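> Sequence and predicted model, in that order:
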Amino acid sequence: MNAVTPMIEVENLQTYYGASHVLHGVSFHVNPGETVCLMGRNGMGKTTTLRSIIGLTPPRHGTVKVEGTNVTGWPAHRVVKKGIAFVPENRGIFPNLSVRENLIMASRPNRQGRVDWSFERVVETFPRLGERLDNMGNQLSGGEQQMLTIGRALMTNPDLLILDEATEGLAPLIRKEIWSVIKTIKATGIASIVVDKDVKSLLEISDRGLIMVKGRIVHDGPAAELAANPELHVRYLGV
Ligand SMILES: Nc1ncnc2c1ncn2[C@@H]1O[C@H](COP(=O)(O)OP(=O)(O)OP(=O)(O)O)[C@@H](O)[C@H]1O
Ligand SMILES: [Mg+2]
């Protein structure tokens, strides 16, 4: 067992969409400050796992604990108040608010009342957003939108950041910027769960890697070990 209380601990998650059984007993944990990547081919259940943790698609069986508190069955709005920020696959900015307004709307101190990520710091981290503060959300490129979504997540001063498809659909240069920001976030001690198709970049920034196949975790180990075992990538990820 862990000596520290995990930031997140899930056990035996069984999640369904109607009659369709998607997660078949998912168990893993994320320690405070740890970066964990969740990998797997299309349709294996990565997004469903994230949604089960947050409470958007509650599991039918199993438990979700946040810092030791059993939050299974809690509504999502209550779960995220435990210090979690969720960046969904399709992002989620307000198109008719400016960049500045999008950021300020999200602002809140962490549970101890501290503001590690102020508006100024977020803008410093994403200089591109700084140049577009008065642009409306819908005037941004895909990359800028993703930066704004991550910026908004940071404005909530989370202890855990969950990023689904962190760099999906973005140009190579923007992808690089996003990976480097994820590293910066990690260096500030925020734990994260990151989903992406770019296995190489994921393993570079992660402490630990999880591989999912058909609703089950089939591998859970140090990212360095995964990076050194390309046969696992071929077997489970098809890359
Ligand atoms: N709202 C839904 N209703 C019914 N089935 C769904 C729903 N969302 C996902 N599924 C199914 O659940 C399974 C897992 O989907 P999920 O989105 O969790 O996979 P994923 O690993 O995130 O895939 P991707 O890499 O394509 O994002 C798939 O078979 C998918 O078709
Ligand atoms: Mg997905």
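Looks like it arrived, so ask away. Ligands and ions are numbered 1, 2, ... in the order given.
> gap between the two ends of stretch 210-224?
Length of stretch 210-224, first residue to last, C-alpha to C-alpha, to the nearest Å: 12 Å.
> Please pull up the helix or strand immediately following the strand or helix carrying Q146.
Using DSSP states H and E, Q146 falls within helix 142-155. Next along the chain after helix 142-155, taking DSSP H and E as the criterion, comes strand 160-163.
> For that following strand, output the C-alpha coordinates as PDB.
Coordinates of the C-alpha atoms in strand 160-163 are reproduced here as PDB (Å, rounded to 0.1, in the frame of the first residue of the first chain):
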ATOM      1  CA  LEU A 160      -5.100  17.700  -9.900                       C
ATOM      2  CA  LEU A 161      -5.400  18.600 -13.500                       C
ATOM      3  CA  ILE A 162      -7.100  16.100 -15.900                       C
ATOM      4  CA  LEU A 163      -6.400  16.600 -19.500                       C
END
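> Get me the contact residues on this structure for ligand 1.
Y17, S20, V22, G40, N42, G43, M44, G45, K46, T47, T48 (C-beta under 6 Å from any ligand atom). Any C-beta I mention is one placed from the backbone N, CA and C, and that applies to glycine too.
> Measure how buried the third one is and give me the count.
Think V22. 21 (other C-beta atoms under 10 Å).
> now it: how far from R51?
10 Å (C-beta to C-beta, to the nearest Å).
> Could you do M39 as well?
Going from M39 to R51 by C-beta to C-beta gives 17 Å.
> how about low-confidence regions in this protein?
Applying pLDDT under 70 to the chain flags residues 1-2.
> try 80
Within the chain, the ranges that satisfy pLDDT under 80 run 1-3, 90-92, 239.
> quick one, longest helix in it?
Taking DSSP state H as the criterion, the chain has its longest helix at helix 172-187.
> can you give me the offset of that one from its chain's centre?
How far helix 172-187 lies from its chain's middle: 13 Å, per C-alpha atoms, centre = their mean, to the nearest Å.
> From the rest of the structure, what touches whatever helix or strand comes next after it?
From helix 172-187 onward toward the C-terminus, using DSSP H and E, the following helix or strand is strand 191-195. Contact partners of strand 191-195, identified using C-beta atoms under 8 Å, 6 or more residues apart in numbering, comprise 7-8, 30-39, 46-47, 50, 53, 159-166, 182, 185-186, 202, 205-206.
> Any of those buried? List them.
Among the contacts of strand 191-195, those buried by neighbour count (16 or more other C-beta atoms under 10 Å) are 7-8, 30-31, 33-39, 46-47, 50, 53, 159-166, 182, 185-186, 202, 205-206.
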